[in-house]
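Colleague: What follows is a predicted structure for the sequence shown.
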Protein chains: 2
Amino acid sequence: MIKKTEQKIKDAALAVFIQKGFVNCTSREIAREAGMNVALVNYYFRSKSKLFALIFESVMQDFLKSMVQVFCSDLPFREKIRLLIEREFAFLAEHPEIPNFVLNELSRNPKAIEDMLPVLQMVDESGVFVEAKKLQSTGEMRSMDMVQITLLIVSNCHYPFMAEPLMKVIHGVNDKEYKAQLKTHKTHVISMILNYLFPNDKILLNA
Amino acid sequence: MIKKTEQKIKDAALAVFIQKGFVNCTSREIAREAGMNVALVNYYFRSKSKLFALIFESVMQDFLKSMVQVFCSDLPFREKIRLLIEREFAFLAEHPEIPNFVLNELSRNPKAIEDMLPVLQMVDESGVFVEAKKLQSTGEMRSMDMVQITLLIVSNCHYPFMAEPLMKVIHGVNDKEYKAQLKTHKTHVISMILNYLFPNDKILLNA
DNA sequence: CCATAATTTAAACAATTGTTTAATTTCTCT
DNA sequence: AGAGAAATTAAACAATTGTTTAAATTATGG
């Protein structure tokens, strides 16, 4: 029975924090969402901040877990990229608010970055950067900094979900239509990035 | 003398709202930034919300003005794209917080969208969409929905500025280094997008 | 069954919020 | 210079915030 309420509050906190952000929601809102008394939030988690830190860390885990998994696989590099983008789109279709949630928290509280370092370490240890540099040194892959490769991939995966309200009003499309757009957009993103990173593959990828 | 304090408050509000967002800042903070009494904020602007609406509208103007200007020019289509990206990067280098500011406000207050419609109308009237469709019908430009073309451009221009804190920690770079990365990233974005939109130009653009 | 601990509750806490009021200062104009 | 308007101020307003307290309820273990 102990777990019941504690977990209910955690679930409610996840939903509310992601939807509204840390500052834009109240302890009472979380309690209400969990169907519990306000004081229970602090009884189980000491403070709103402590609870948020907990939630944030677990979200970051989910956020990066799949990425690391792909990097550690023994797929050929191009397939890693392709699978990574596929998974990002699938994940973000379920949790479109997360990129905003993470970026906002990082700008509000730069120290939150430290919680991410262990997971980021795993990306580094996967050897994917080394693999990329090797492909670049043979001339098979376009020579560009890892920062920019990351930017290319993440920009084209995250932003389309972050900007959904903006895009919908600009082009006057509804929910269903936009979801459909995202689905085909994913294929464009994959082609465009692979084309750009591997110019010599172009004919194959474009077929 | 009347304009002095009113303008000072507006300036302070712009700075504070952009840096912290609407909910994450206080009237007293704006007043302090302006060096004025709190009551003056409401004396001149009725309420914090009214002041924000004013600021938001003017920011959106700046945000879209340059875009419309490019679209209305008589440059060839490819050059419009190139110039658009150049200007976006230049503008965002000066105001990197604006994309986040806009997206957050739109998710917080969906009705704010209505303020943007007049400016968006101007984009439509520039005929740039018609121009694109014509290029697509001749097969010169890749066939894809306007939503996705917009997404490609805006994703690759805005996200790199929005994700600066995230990217800096992921790759362990400092301010100066990241600014430099952005500069060269711009050229990649231009090449990649033009390559993808106009596959037949590839050799030329890649030279 | 009962005492002890754990859980839950309602109420209050001080701090901060946006906003208003009423008094005071500063400006404007004849 | 002085009356009336505008601008500015300090103070207070009610509402909401995160958090704490102290009492009430429930569960636990001998």
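Modeller: Sure, I can see it. Numbers count the residues shown, from 1 in each chain, chains lettered A, B, ... in the order given.
Colleague: Centre-most residue in chain A?
Modeller: The residue lying closest to the centre of chain A (CA atoms, centre = their mean) is A:F63, at 4.7 Å.
Colleague: neighbours around the closest residue to it other than its chain neighbours, how many?
Modeller: Ranked by CB to CB, 6 or more residues apart in numbering or on different chains and with sequence neighbours excluded, the top spatial neighbour of A:F63 is A:I98, at 6.1 Å. The C-beta positions use only the backbone N, C-alpha and C, and glycine is treated the same way. A:I98 has 19 neighbouring residues, counting by other CB atoms under 10 Å in any protein chain shown.
Colleague: What separation do you get for A:I98 and chain B?
Modeller: 12 Å (CB to the nearest CB, to the nearest Å).
Colleague: circling back to that earlier point, show me what contacts the residue nearest to the centre of chain A?
Modeller: A:F91, A:I98, A:V102 (CB atoms under 8 Å, 6 or more residues apart in numbering or on different chains).
Colleague: Check which helix or strand it maps to.
Modeller: Take DSSP states H and E as the rule and A:F63 turns out to sit in helix A:48-72.
Colleague: could you give me the average pLDDT of that helix?
Modeller: Mean pLDDT, computed over helix A:48-72, is 91.
Colleague: Can you confirm whether that helix lies near DNA strand D?
Modeller: Yes: counting by CB under 7 Å from any atom of the strand, DNA strand D is contacted by helix A:48-72 at A:K48, A:S49.
Colleague: Pull out the buried residues from that helix.
Modeller: When neighbours are counted by 16 or more other CB atoms under 10 Å in any protein chain shown, the buried residues of helix A:48-72 are found to be A:48, A:51-53, A:55-56, A:59-60, A:63-64, A:67-68, A:70-71.
Colleague: about what we covered before: any idea how far A:K8 is from the residue nearest to the centre of chain A?
Modeller: 23 Å (CB to CB, to the nearest Å).
Colleague: Over to A:L51?
Modeller: For A:L51, the distance to A:K8 - CB to CB - is 13 Å.
Colleague: Same check on A:R78?
Modeller: 44 Å.
Colleague: Is there contact, residue-wise, from stretch A:43-58 to chain B?
Modeller: No: if you take CB under 8 Å from any CB of the partner chain as the test, stretch A:43-58 misses chain B, and the best it gets is 13.3 Å.
Colleague: quick one, what contacts A:F89?
Modeller: Listed by CB under 8 Å, 6+ apart, the contact partners of A:F89 are A:C157, A:L182, A:K183, A:K186.
Colleague: Quick check: closest non-adjacent residue to A:L51.
Modeller: The nearest residue in space to A:L51 (CB to CB, 6+ apart) is A:F45, at 3.9 Å.
Colleague: ok, that neighbour touching A:A39?
Modeller: No: using CB atoms under 8 Å, A:F45 is not in contact with A:A39; the gap is 11.3 Å.
Colleague: out of those two, which sits in the more crowded spot?
Modeller: The neighbour count for A:F45 versus A:A39, taken as other CB under 10 Å, is higher for A:F45 (21 against 10).
Colleague: Please report phi then psi for the more buried one.
Modeller: Main-chain dihedrals, A:F45, degrees, to the nearest 10: phi -130, psi 10.
Colleague: can you tell me which residues contact it?
Modeller: So A:F45 contacts A:I9, A:L51, A:L54 (CB under 8 Å, 6+ apart).
Colleague: Nearest to A:K20, out of those residues: which one, please.
Modeller: A:L51 (13.8 Å; CB to CB).
Colleague: Let me know the average pLDDT across stretch A:113-124.
Modeller: 81.
Colleague: Do stretch A:97-116 and DNA strand C come into contact?
Modeller: No: counting by CB under 7 Å from any atom of the strand, DNA strand C has no neighbours in stretch A:97-116; the shortest distance is 14.2 Å.
Colleague: After the helix or strand hosting A:A12, which helix or strand is next?
Modeller: Using DSSP H and E, A:A12 sits within helix A:2-20. For helix A:2-20, the following helix or strand on the C-terminal side (DSSP H and E) is helix A:27-34.
Colleague: Please see if that following helix touches chain B.
Modeller: No: applying CB under 8 Å from any CB, one finds helix A:27-34 separated from chain B by no less than 13.1 Å.
Colleague: So for that helix, what gets flagged as buried?
Modeller: Buried residues in helix A:27-34 (16+ other CB under 10 Å): A:S27, A:E29, A:I30, A:A31, A:E33, A:A34.
Colleague: Stretch A:84-99 too?
Modeller: Buried-residue list, stretch A:84-99, by 16+ other CB under 10 Å: A:L84, A:I85, A:E86, A:E88, A:F89, A:F91, A:L92, A:P96, A:E97, A:I98, A:P99.
Colleague: if I look at the second one, how far off is chain B?
Modeller: Right, A:I85. In terms of CB to the nearest CB, A:I85 sits 13 Å off from chain B.
Colleague: domain assignment for chain A?
Modeller: A:1-46, A:60-206 (automatic domain parsing).
Colleague: List, one by one, the residues from chain A near DNA strand C.
Modeller: Going by CB under 7 Å from any atom of the strand, the residues of chain A near DNA strand C are A:M1, A:I2, A:K4, A:T5, A:M36, A:N37, A:V38, A:A39, A:L40, A:Y43.
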